[in-house]
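> below are the sequence and a predicted model; questions follow.
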Amino acid sequence: MVLARSGQPFTPSVGGDPANLGHTGYSRANLVGDPWEGESTTARYFNPAAFAIPVNSFGNVERNSLRGPGFWNVDVGLQKNVRLRGSSELQVRVEAFNVFNHINWRLENAGVAIDNPATVGRITAMNGRPRQLQFGFRLIY
């Protein structure tokens, strides 16, 4: 089985109350540069310098304008039925999950406000699991 998908969309936001409305958690950042400038790494998936904190406004970044890392995984299973004496049969199975051991990154700090430069855009976790092998035997009599 092959599973491949694009990354989860997210919106860079800012903390606090930059529009002075008296409540928090609503504001987006201002786009002032190219968010994909430079190479994407685990230390800096996107360019946090491309965003600024708005002053007395809501921010101009579109909702879900950026996408996190994509995901792809391949699982393989093999099965062999071996005849024994009479009507007995031995079933041997081998299953491999994430057979190519591809690392899928998870951008946990996507929704974190851009006013925290130490963590914004940093990949700190893996999505999915590393390669796993599973063997199974079944005696049918």
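Received it, and whenever you're ready, just let me know what you need.
> across the sheet, point out what pairs with the residue nearest the centre of the chain.
The chain has R106 as the residue nearest its centroid, 3.2 Å off, counting by CA atoms, centre = their mean. Judged by DSSP bridges, the bridge partners of R106 are A125.
> contacts only, for it.
G68, P69, I123, A125, M126, N127 (CB atoms under 8 Å, 6 or more residues apart in numbering). C-beta here means a position set from N, CA and C on the backbone, and glycine is covered the same way.
> verify the contact between N30 and I53 for me.
Yes. Counting by CB atoms under 8 Å, N30 touches I53, with 7.3 Å between them.
> partner strands of the lowest-mean-pLDDT helix or strand in the chain, with direction?
Least confident helix or strand of the chain, by mean pLDDT, DSSP states H and E, is strand 51-52 with a mean of 85. Here strand 51-52 has these sheet partners by DSSP bridges: strand 30-31 (antiparallel).
> and the partner strand, average pLDDT?
Mean pLDDT, computed over strand 30-31, is 88.
> can you tell me how far the residue nearest to the centre of the chain sits from V120?
15 Å (CB to CB, to the nearest Å).
> in three-state terms, label the residue of the chain positioned farthest from its centre for me.
For the chain, the largest distance from the centre (CA atoms, centre = their mean) belongs to G86, which lies 51.5 Å off. Secondary structure, DSSP: H, G, I helix; E, B strand; the rest coil: G86 is coil.
> need the buried ones from the contacts of R106 selected in PyMOL.
Selecting only the buried entries of the contacts of R106 in PyMOL, with 16 or more other CB atoms under 10 Å as the criterion:
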select buried, resi 68+69+123+127
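> quick check: the two most widely separated of the contacts of R106?
Greatest spatial distance in the contacts of R106: G68 and M126, 12.9 Å, computed using CB to CB.
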